[in-house]
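> model this:
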Amino acid sequence: MPASFRSIILLITIFSVCTANSTSFAQEVTPEIVLKYNPRQKYVEFDTPSQSEVANCTVQVIQEKSGSGWIVLGPQGETLRKFMDTNGDNTVDRWSYFRGGIEVYRDQDSNNNKKVDQSRWINTGGTRWGIDQNEDGTIDSWRQISVEEVCELAFYSLKTGDTKLLQSLMVTSADLQGLGIRTDLAREILEQTSNLERKMQTITSSKAINKSTVWLRYDAGLPGTIPGDEGKAKQDLQVYENTRALMENDGQVDLLQIGELVLVGKTWKLASFPQLIDQNSGPIEFGGVLLRPSQSTSEGEVMAPTASSAEARELLDQLQKLDEKSPRLEDGVEALGTYNKRRADILQKLVSLSETPEERELWMKQLVDGITAAVQIGAYAEGVQRLKGFEDSLKSRSPESDLIPYVTYRRLTSEYSQRATSTPTEEQEDLQKWWMSSLEQFVGRYPKTEEAADAAFQIASSYEISGRTDEAKTWYRRIASSYEKTILGQKAAGALKRMGLEGQVLEFSGKTLTGPTLDLSRYRGRVVVVTYWATWSRPFLEELPQLQALSKEYRSKGFEIVGVNVDLVSDGLAEFVKENEMPWPHIHEEGGLDSPPAVKLGILMPPAMILIDQKGKVVSAAATIELLKEQVPALLNK
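Residues are numbered from 1 along each chain as shown. Predicted structure coming up:
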């Protein structure tokens, strides 16, 4: 048993005995005893007084809102340690360590079995939150961790040969599936992140990282967003490209290429294995699996563009340097506009230098996507005209090109976004008519494209939101029939099912946050509201107090709430539910609005509520808070 764990057990025992008599508490627990105990995890910087200073430290019993316990104060009255019983069972369940009087780290026994299962670096100590699932002292996964911390821990894992630590930082197959990353890309990423022990031996045997190697800092440019419509994943991805660690060996600064990282919930994860960089071998490879320019070949594999000419390589270098110094939103529209124009100019030159049609198409898509994104955030006013120029040129020179619908659709969405922000309120109705007409024409002209499926779904959902139910159903049927194998086709079929639910029994089940599967049939004989919600949905949070009031008033009389969460991942949801006092059961399956529970009923946006009577029949598939206030008591009184 590790010494730190034995110390925690001893502190639990002392606390359980001494809290019965707080007068003897401080006599039993001395600074000398407490200051011998250390955090459960490594790499924590906290204050520990010298041997001569310990005599001037004191222990005090404290009572706080979070519970009772004791603190250790240093010679100057600064807090060094705080050990708390947060649930009132006379047992220590939180151990806090301080630096400069600020709490920087805490160990937590969250399930109250006298074993640490969570470790958090907080305030000036960092942001990472580790989970020790089997309570053996080793972090199994991270609920939250920043890019900087991932890079630093990756370095230390290689320095110490800690395979388990490195494994905890790696993206998993479940992560990739949850993000909806394309199968061939996921396979390539998993190949890079597997066989860690063998790959670590390659680095450790080189002795480039050894016991005397010193961590300096991490180095990276800005993160990038890969739009979900780019085809690499089912949702937008946030990715860091080519992160690096600077380290020192005998006064010489060396580089460790940490590689590509992808955001999973609140956790940044490695999507590649770190590599030593030979600074004399030339430029670092541009891009990882996710951020590199790519396209599918006829075999479905990924093909990166070439940059065989010196001019093309120079343009790639310019692009990388430009992106490293890209302005922030707060830098203003002019700075953002200048940046986006320069970036588009470089990409357009790469298009002209492309040696194959495939390479030309690849760079063209990057160019168009970049301009579209810039226009939509109001950072490139001239972008719409530039896209229109590309569209006209393609139609003139290559009228059969697959790029035409690709460019046209993005020009349309960019133009609508730009016009929506500048059109007066009294003219918004005319703008919406133009938008719907443009989408319908697009679907009619390019019916077999991916963009057509998206355009059709926008039409259908717009009709539904505006109350034009018959038109919405017509378009949902068209989508479900024409694009049945796509996620949008499945969502359209789900929307049709939802819109026809009233008077029907809703058969519905799903996995809950606590693990077991919940089936609505278990609530026969009770009035039920199924509410789709998300932590990021402000309308839901605004309605929550009224839902809580309904539950409090009518639950004992036969009313139940079943939540269906549509956050992308479950990280932090249990804590959110507890903190926001949502005691009813919650179904959650990863994938957000593309998760099976959301797709099954074609949910467009939370909150969405379905009211069900005692026989299991749907009273309303589009319930509101006001309708619940009226119908719940009426149904219960039947």
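> helix or strand right after the least confident helix or strand in the chain by mean pLDDT?
Least confident helix or strand, the chain: strand 302-303 with a mean of 34, by mean pLDDT, DSSP states H and E. Using DSSP states H and E, the helix or strand that follows strand 302-303 in sequence is helix 310-324.
> can I get the CA coordinates of that following helix in CSV?
In CSV, the C-alpha atoms belonging to helix 310-324 read as follows (Å, rounded to 0.1, in the frame of the first residue of the first chain):
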residue,chain,number,x,y,z
ALA,A,310,9.3,25.1,-54.4
GLU,A,311,6.6,27.7,-54.9
ALA,A,312,3.9,25.5,-53.4
ARG,A,313,6.1,24.6,-50.4
GLU,A,314,6.7,28.3,-49.9
LEU,A,315,3.0,29.0,-49.9
LEU,A,316,2.4,26.2,-47.3
ASP,A,317,5.0,27.9,-45.1
GLN,A,318,3.3,31.2,-45.6
LEU,A,319,-0.1,29.7,-44.7
GLN,A,320,1.3,28.1,-41.5
LYS,A,321,3.0,31.3,-40.4
LEU,A,322,-0.1,33.3,-41.1
ASP,A,323,-2.3,31.0,-39.1
GLU,A,324,0.1,31.1,-36.2
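> which positions in the following helix or strand past that helix come out as buried?
Per DSSP H and E, helix 310-324 leads on to helix 333-353 as the next helix or strand towards the C-terminus. For helix 333-353, a neighbour-count test (16 or more other CB atoms under 10 Å) marks 336-337, 339-341, 343-344, 346-351, 353 as buried. In this view, the C-beta of every residue, glycine as well, is placed from N, C-alpha and C.
> can I get the residues you listed in TSV with pLDDT and distance to residue 190?
As requested, these are arranged in TSV below (pLDDT from 0 to 100; distance: CB to CB, whole Å):
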residue	pLDDT	distance to residue 190
336	76	37
337	78	40
339	81	35
340	81	35
341	84	39
343	85	32
344	86	34
346	87	33
347	85	30
348	86	35
349	87	35
350	84	30
351	84	32
353	82	34
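> export only the CA atoms of stretch 586-599, formatted as CSV.
Taking Å, rounded to 0.1, in the frame of the first residue of the first chain, the C-alpha atoms of stretch 586-599 are listed here in CSV:
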residue,chain,number,x,y,z
HIS,A,586,-32.1,11.2,-17.1
ILE,A,587,-31.5,9.3,-20.3
HIS,A,588,-28.2,10.1,-22.1
GLU,A,589,-26.4,8.5,-25.0
GLU,A,590,-23.4,10.3,-26.6
GLY,A,591,-23.8,12.2,-29.8
GLY,A,592,-25.8,15.2,-28.8
LEU,A,593,-28.6,16.0,-31.3
ASP,A,594,-27.4,13.1,-33.4
SER,A,595,-27.6,10.6,-30.5
PRO,A,596,-30.2,7.7,-30.9
PRO,A,597,-32.7,9.2,-28.4
ALA,A,598,-32.7,12.6,-30.3
VAL,A,599,-32.7,11.0,-33.8
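> quick one: contacts of it?
Identification of contacts with stretch 586-599 by CB atoms under 8 Å, 6 or more residues apart in numbering yields 177-178, 180, 234-235, 487, 490-491, 494, 508, 510-513, 518, 532, 534, 562-570, 573, 577, 603-605.
> and stretch 251-259, by the same measure?
Contacting residues not belonging to stretch 251-259 are listed as 150-151, 154-155, 158, 208-209, 216, 218, 242-248, 270-277, 279, 284, 288 [CB under 8 Å, 6+ apart].
> list the buried residues of that stretch.
The neighbour-count check on stretch 251-259 (16+ other CB under 10 Å) flags 254, 255, 256, 257, 258, 259 as buried.
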